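In: next input, structure requested:
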Amino acid sequence: MTLNQFYNRLFPAFERELTDVVFQFIQHNDSLMKDYLDTVSEEVSLQHVNSEIAKAIESRYGLIATENRNMPPHYSNLIQGYTELTRPQSI
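Out: Next comes the predicted model:
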């Protein structure tokens, strides 16, 4: 496998999981976790905060939602599921 072939497998797989990666990052960073909990307490609901974070990830990285996934037990404890992301197809 060439390096480019590896990249072509690596980055789409990473992008699909990016929402979970962000929530794991929050979960394992004490300062961000405190800020996250403070934000949840000030907003409408946990679901609203998580949904808005997911939308921000899509927007920031230019990704689009593809399919919903339930969380296996070893993933982030902050969310029960997420939508896989991918790059928009070129026209």
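In: make it CA atoms for all contacts and neighbour counts henceforth
Out: OK.
In: and the longest helix for this protein?
Out: Using DSSP state H, we find that the single longest helix of the chain is helix 46-61.
In: show me what the following helix or strand past that one pairs with in its sheet, parallel or antiparallel.
Out: Following helix 46-61 in sequence order, the next helix or strand is strand 64-70 (DSSP states H and E). Taking DSSP bridges as the criterion, strand 64-70 pairs within the sheet with strand 81-86 (antiparallel).
In: so what touches the longest helix of the chain?
Out: For helix 46-61, the surrounding residues in contact (C-alpha atoms under 8 Å, 6 or more residues apart in numbering) are Leu18, Thr19, Thr39, Val40, Glu43, Leu63, Ile64, Ala65, Ile79, Leu85.
In: residues contacting the residue positioned nearest the centre of the chain?
Out: For the chain, the residue sitting closest to the mean C-alpha position, by C-alpha atoms, centre = their mean, is Thr19 at 0.5 Å. Thr19 sits next to Ala54, Ile57, Tyr82, Thr83, Glu84, Leu85 when contact means C-alpha under 8 Å, 6+ apart.
In: highest neighbour count among these?
Out: Greatest neighbour count in the contacts of Thr19, by other C-alpha atoms under 10 Å, goes to Leu85: 25 neighbours.
In: buried ones in the strand or helix carrying Ser41?
Out: In the assignment (DSSP H and E), Ser41 maps to helix 30-42. By 16 or more other C-alpha atoms under 10 Å, the buried positions in helix 30-42 come out as Met33, Tyr36, Val40.
In: let me know the closest of those residues to Gln5.
Out: Nearest to Gln5, judged by C-alpha to C-alpha, of the buried residues of helix 30-42 is Met33 at 36.3 Å.
In: quick one: contacts for the closest one?
Out: Applying C-alpha under 8 Å, 6+ apart to Met33 gives the contacts Ile26, Gln27.
In: what's the spacing between it and Ala56?
Out: From Met33 across to Ala56, the span is 17 Å (C-alpha to C-alpha, to the nearest Å).
In: hang on, isn't Tyr75 packed against Glu17?
Out: No: in this structure, Tyr75 is not within contact of Glu17 by C-alpha atoms under 8 Å, at 10.2 Å.
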